[in-house]
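**Q** just a sequence and a predicted model for now, questions to come.
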Amino acid sequence: MDADDFSSVLSEVRRFVRERVMPLEAEIDEKDEMPADIREAARKMGLFGFALPEEYGGLGLSMYEEAQLMFELGYTTPSLRSMFGTNNGIAGHVLMVGGTEEQKAEWLPRVASGEVLASFALTEPDAGSDPSTLTTRATRDGDTWVINGAKRYITNAPLADVFMVFARTDPDAPRTRGISTFLVPAGTPGLTVAPRDHKMGQFGAWTADVYFDDVRVPAAALVGGEGGLDRGFGTAMGCIAHGRVHISALMVGMAERLVDESVEYARTRRQSGRLIGSFQLVQGLIADSMTDYYTGRATVLEAARAFDAGTDTKIGPSCTKYFASEMVCRVADRAVQVHGGAGYMRGVAVERFYRDARLFRIYEGTSQIQQVIIAKALLGEAARD
């Protein structure tokens with residue numbers, strides 16, 4: 001995107017976040033729902049398709065540009081980004097990377113415009129950060145496929161119009177092989193979405209289990225056509241790597257907000273007749289958080305540059321996701337500490353972000369999975385001895 005145009009996009013999103021969304025954060029958290037007018041405004045701004053190609057109606061942002069946009073979106077409740085994150089990220093990218101031209105033409109314009117909300121149905125009760133163990137199966141029956149299985153914690157499932165479903169099509173293949181991806185519209189007979197999960201945090205972002213009981217889809221629903229057989233795992237891993245940089249940038253935006261909340265509180269709160277910002281131990285907490293935020297921002301931007309260049313699409317995304325998720329939890333914890341008892345009260349921003357931040361160390365691959373990925377990539381065969 002032209003630099004001036006991109007600057008305008010960032011400015012518009014910043015105003016939207018700070019003037020429209022931030023005043024509603026407590027309401028979104030309390031009601032566990034994103035207001036309809038916010039959803040519609042996000043559609044009109046093109047936020048449902050910022051990472052999708054311009055030819056399909058998206059903004060076509062690079063990873064480096066996308067990271068900067070995430071910094072702005074991360075400044076408020078993460079449920080805002082979650083509303084359109086899967087369209088741009090792991091669900092939309094499945095079609096971008098693996099779809100046939102016909103599938104792209106049919107679905108991507110509607111995904112980019114927000115007409116269609118897409119869900120990424122990969123995680124299962126016994127297959128989370130390591131999806132190679134998934135057991136959902138798709139069996140060929142003439143010119144259709146029959147899908148059976150269950151998915152867990154699927155983002156936007158209660159609202160989704162279409163699911164990108166990963167299923168094992170060859171049960172005899174090695175774990176990372178024999179997995180394919182299917183486009184399954186909501187409402188297909190046999191597809192059931194359970195009631196939405198009641199989570200610790202990130203209210204307003206809905207997740208739910210999804211069940212497939214003899215769900216029958218046409219052969220054209222196989223992402224990539226016949227060439228998509230056995231490519232599901234590789235496609236998923238590529239999309240998840242993009243998602244790890246994306247979500248890391250979101251966490252950096254949240255860390256910036258937490259630093260700002262801590263600084264403002266320390267500047268105005270008095271204790272023992274003094275501003276708490278005058279206490280050196282409080283200063284130390286804020287300095288540590290600013291250092292974490294600054295380092296996280298630089299790490300994400302470097303990972304985004306390397307991702308765009310194609311020079312690092314594995315270690316970099318895992319490193320930045322691992323660091324950013326641990327970092328934002330440290331910053332959130334310090335923010336609560338700076339606020340003291342007030343930081344433990346509902347209705348205070350840092351209390352909400354403290355709950356919201358904890359999930360980041362789990363989804364898009366746990367911190368422990370990132371450690372394994374990084375170590376194995378560096379050690380090679382020595383890690384498997």
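**A** In hand now; what should we look at?

**Q** buried residues, the top helix by length along the chain. List them.
**A** Using DSSP state H to define each element, the chain has its longest helix at helix 232-268. Within helix 232-268, the residues that count as buried by 16 or more other C-beta atoms under 10 Å are 232-233, 235-236, 238-259, 261-263, 265-266. Every residue, glycine included, has its C-beta placed from N, CA and C.

**Q** what about the stretch 251-385 of the chain, any weak spots by pLDDT?
**A** 385 (pLDDT under 70).

**Q** that one: strands as residue ranges?
**A** With DSSP state E, counting those that start in this stretch, the ranges of strands along the stretch 251-385 of the chain come out as 270-271, 274-275.

**Q** quickly run through the sheet partners of the last one, with directions.
**A** Strand 274-275 has the following sheet partners, assigned by DSSP bridges: strand 270-271 (antiparallel).

**Q** hmm, who's touching the strand it pairs with?
**A** Strand 270-271 has contacts (C-beta atoms under 8 Å, 6 or more residues apart in numbering) with I276, F279, G340.

**Q** just send those residues back as CSV, with distance to F166 too.
**A** Shown next, in CSV, are the contacts of strand 270-271 (distance: C-beta to C-beta, whole Å):
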residue, distance to F166
I276, 50
F279, 52
G340, 46
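
**Q** list just the nearest of these to E124.
**A** G340 (42.0 Å; C-beta to C-beta).

**Q** which residue packs closest to the residue sitting nearest the centre point of the chain, ignoring adjacent ones?
**A** Taking C-alpha atoms, centre = their mean, the centroid of the chain lies closest to I247, which sits 5.0 Å from it. Nearest residue to I247, sequence neighbours excluded (C-beta to C-beta, 6 or more residues apart in numbering): E364, at 5.1 Å.

**Q** need the contact list for the one you found.
**A** Per C-beta under 8 Å, 6+ apart, neighbours of E364: I240, G243, R244, I247, K321.

**Q** sort these by pLDDT and name the bottom one.
**A** Ranked by pLDDT, the contacts of E364 bottom out at I240 (90).

**Q** I'd like to know how far A121 sits from N156.
**A** 10 Å (C-beta to C-beta, to the nearest Å).

**Q** give me the more crowded residue out of the two.
**A** A121 (29 against 24; other C-beta atoms under 10 Å).

**Q** what is the more buried one paired to in the beta sheet?
**A** Beta-bridge partners for A121, by DSSP bridges, are V165.

**Q** ok, and the closest non-adjacent residue to Q371?
**A** Sequence neighbours aside, Y322 is the residue nearest to Q371 in space, at 6.7 Å (criterion: C-beta to C-beta, 6+ apart).

**Q** my guess is that neighbour contacts I374. True?
**A** Yes: judged on C-beta atoms under 8 Å, Y322 makes contact with I374 at a distance of 7.1 Å.

**Q** the more surrounded of the two?
**A** Y322 (23 against 16).

**Q** relative to V372, how far out is the more buried one?
**A** According to C-beta to C-beta, Y322 stands 10 Å off from V372.

**Q** before we move on, what about A249?
**A** Counting by C-beta to C-beta, the gap from A249 to V372 is 23 Å.

**Q** and A3, by the same measure?
**A** For A3, the distance to V372 - C-beta to C-beta - is 39 Å.

**Q** now L52
**A** With C-beta to C-beta as the criterion, L52 and V372 are 31 Å apart.

**Q** before we move on, what about K44?
**A** Taking C-beta to C-beta, one finds K44 at 42 Å from V372.

**Q** show me where the stretch 201-350 of the chain has helices.
**A** Under the criterion DSSP state H, counting those that start in this stretch, the stretch 201-350 of the chain contains helices at 232-268, 280-309, 315-339, 349-358.
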